[in-house]
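build me a model from this:
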Amino acid sequence: MKKALLSLFIFLTAYGIQAQEVITPYRSVYLELGGAGMAYSFNYDFRFDQSRMDSWGMRVGAGGYGREGDSFFSLPVMVNRLYGKGPHYFELGAGLTFFAFNNERYSYCTSGYVDTNGMYICTSTSSEEYPYEFILPVDGSPSVMGTMNFGYRKIPVDGGFTWRVSLTPIFNNNGFWPLFAGFGFGYAF
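Predicted structure coming up:
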């Protein structure tokens, strides 16, 4: 009887160990402040090879804000590669951030005269759009910026709380800004 129980215990233990799969947390959702989403963005990141973290992947996000007279929307899309062993990874990536904003107009007087009371009377006006810049001058809305990513990610080997910090140079047809950065935190699964 003891041998049968011991054999059953060994079988169940070996089966339980064999049945446990190592699950790689190849997906994550996170909030990033700064970075490719510019102001902030909510992102979904995944690896193309679900069995390896140190591989190629992609992220897609959405961010923006809206307040009286001002709004902004961004959509970062990047391809990235992780290098290293869990839980520490170096991230290298590149992509595009599509964005749109409201571009308000302002009016100003182009000609006029001073009346008998000393008041200036405008006889003709003109209007222009306020110039818009997000670190670099932008030609209008909608627009696109190129982004790169050089950063560190901490992803627990069995999933859970993850965080990242990165240097995110941005560029468009009006220039290049190498010192933009981002910080993100979220959940890997």
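
Ser28: neighbour count?
22 (other CB atoms under 10 Å). Bear in mind the C-beta positions are built from the backbone N, C-alpha and C, glycine included.

I meant Ile155, not that one.
So Ile155, with other CB under 10 Å, has 24 neighbours.

swap in the one 5 residues further on?
Burial measure for Gly160: 12 neighbouring residues, criterion other CB under 10 Å.

got the contact list for Tyr113?
By CB atoms under 8 Å, 6 or more residues apart in numbering, the residues touching Tyr113 are Tyr120, Ile121, Thr123.

now the helix or strand that contains Ser124 - C-alpha only, CSV.
Per DSSP states H and E, Ser124 falls inside strand 120-129. This file holds the C-alpha atoms of strand 120-129, laid out as CSV (Å, rounded to 0.1, in the frame of the first residue of the first chain):
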residue,chain,number,x,y,z
TYR,A,120,-8.9,104.0,-33.4
ILE,A,121,-11.5,102.7,-35.9
CYS,A,122,-10.6,99.6,-37.9
THR,A,123,-11.7,99.6,-41.5
SER,A,124,-10.4,96.2,-42.6
THR,A,125,-9.2,93.1,-40.9
SER,A,126,-7.3,90.0,-41.7
SER,A,127,-7.0,86.6,-40.0
GLU,A,128,-4.4,84.0,-39.7
GLU,A,129,-3.9,80.7,-37.9
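
strand partners (parallel or antiparallel) of it?
Partners of strand 120-129 in the sheet, by DSSP bridges, are strand 105-114 (antiparallel).

that older thread, list the contacts of the next helix or strand after the strand holding Ser124.
Heading C-terminal from strand 120-129, the first helix or strand you meet, by DSSP H and E, is strand 133-134. Contacting residues not belonging to strand 133-134 are listed as Met38, Phe99, Met145 [CB under 8 Å, 6+ apart].

what about the helices in the chain?
Under the criterion DSSP state H, the chain carries helices at the ranges 2-19.

which strand in it runs the most residues?
strand 70-85 (DSSP state E).
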